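Okay, predicted coordinates and the sequence, questions at the end:
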Amino acid sequence: MQKLGLIAGGGTLPVEIARHCERSGRPLFVVRLKGFAGEALKPFVGAEVGVAQFGKCVDVLKRAGCTTICLAGDVARPDFTSLTPDVRGLMLLPKVIAAARKGDDALLRMMVGAFEQAGFVVLGAHEVMDDLTLPAGLLGARAPGAEDLADATRALEVARAIGSLDIGQAAVVARGLVLAVEAQEGTDAVLKRVADLPAHLRGRPGSGIGVLAKAPKPIQETRVDLPTIGLETVRGVARAGLAGIAGEAGRLLVLDREAVIALADELGIFILGVKSGTS
């Protein structure tokens, strides 16, 4: 197996990938992005690199013998005036800023292109771990009712619509009414906003109404930014009084899968994978 260079931000996804490589015997080198990568990645062979140190990142990956890389984890959009780039990072910075002005997806596509021009093959997390994505059908014991399915269909339509404008990946719909859409704040914050809405607009924990749907943007660089759910998503859905979660099968990452299923079953939350084009 080719040695994988994992460029790691925050969250559990990079940790899952690193542990998967360890279990499967795949050689691994972890680039821990300074200020973002978590403590759980420190035991893995690698190096710490600043987000603007593109030259150092390329150099350590090549010295480690990596020809294939995966970019995974949470990285907040930086304050470009506070960055301290190295020479190659400084040369790349004008392109980064120009792409960032066009939206997150343009920025991610630009970064993927920069690594490809440096000679690397870029893989998505779902290509490294083929069991990461949401399958078609139900994930867990809870099944949606007819009203839930209608909300799921509507929420996926809304999520795709805002994605086409490069706004966000998630939407919440209850009884056909759009309760919230995601922008820069992230899904957890969206669910908190829904939980703060008047009770008559949503359900309540244990008696949920409405659906959170997540969908990739139509022009999205899916190798680095597929929508994701995890344990905190399930908790947030329950606190918001929603009935379930829907996503496109094969195009939504499920972190801590077994724990997510167990928690969703415990809280009475359904998780539904919809085949693309069938919602």
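Perfect, thanks for sending it. Numbering: from 1, shown residues only.

so what pLDDT did the residue located most distally from the centre of the chain get?
In the chain, the residue that sits farthest from the middle, by Cα atoms, centre = their mean, is residue 200; the gap is 30.9 Å. Note for residue 200: predicted pLDDT of 85.

so how far is residue 269 from it?
Distance, residue 200 to residue 269, using Cβ to Cβ, to the nearest Å: 21 Å. Placement of C-beta: from N, CA and C, glycine included.

Who are the contact partners of the nearest residue to residue 218 once chain neighbours are set aside?
Excluding its sequence neighbours, the residue lying closest to residue 218 (Cβ to Cβ, 6 or more residues apart in numbering) is residue 164, at 5.2 Å. By Cβ atoms under 8 Å, 6 or more residues apart in numbering, residue 164 lies in contact with 217, 218, 219.

pretty sure the first one belongs to a strand, no?
Just to be clear, that refers to residue 217. No. Looking at residue 217 with DSSP: H, G, I helix; E, B strand; the rest coil, it is coil, so not inside a strand.

Where does the closest residue to it other than its chain neighbours sit: helix, strand or coil?
Counting by Cβ to Cβ, 6+ apart, residue 217 lies nearest to residue 163, which is 3.5 Å off, once chain neighbours are set aside. Secondary structure state of residue 163, per three-state DSSP, is helix.

so where do the strands sit in this structure?
All strands of the chain, identified by DSSP state E, fall at 4-8, 28-33, 46-49, 68-72, 121-123, 137-138, 170-174, 177-181, 211-214, 228-229, 244-248, 253-254, 270-274.

got the angle for the last one vs strand 244-248?
If I follow you right, that is strand 270-274. Angle, strand 270-274 to strand 244-248, by axes from the mean of the first three to the mean of the last three Cα atoms, to 10 degrees: 20 degrees.

One more: the second one?
Strand 28-33 and strand 244-248 meet at an angle of 110 degrees, taking the same axes, to 10 degrees as the criterion.

go on, the fourth one?
Relative orientation of strand 68-72 versus strand 244-248 (the same axes, to 10 degrees): 150 degrees.

name the helices or strands packed onto strand 68-72?
Packing partners of strand 68-72 (3 or more Cβ pairs under 8 Å, 6 or more residues apart in numbering; DSSP states H and E): strand 4-8, helix 13-24, helix 104-117, strand 121-123, helix 125-128.

Format the strands of the chain as TSV; extra columns: mean pLDDT, distance to residue 22 and mean neighbour count.
Below are the strands of the chain laid out as TSV (pLDDT from 0 to 100; distance: least, Cβ to Cβ, whole Å; neighbours: other Cβ atoms under 10 Å):
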stretch	mean pLDDT	distance to residue 22	mean neighbour count
strand 4-8	95	11	28
strand 28-33	96	7	24
strand 46-49	95	13	19
strand 68-72	94	14	25
strand 121-123	94	17	17
strand 137-138	96	30	14
strand 170-174	97	31	27
strand 177-181	97	38	18
strand 211-214	98	28	30
strand 228-229	93	21	24
strand 244-248	97	28	29
strand 253-254	93	19	22
strand 270-274	97	27	24
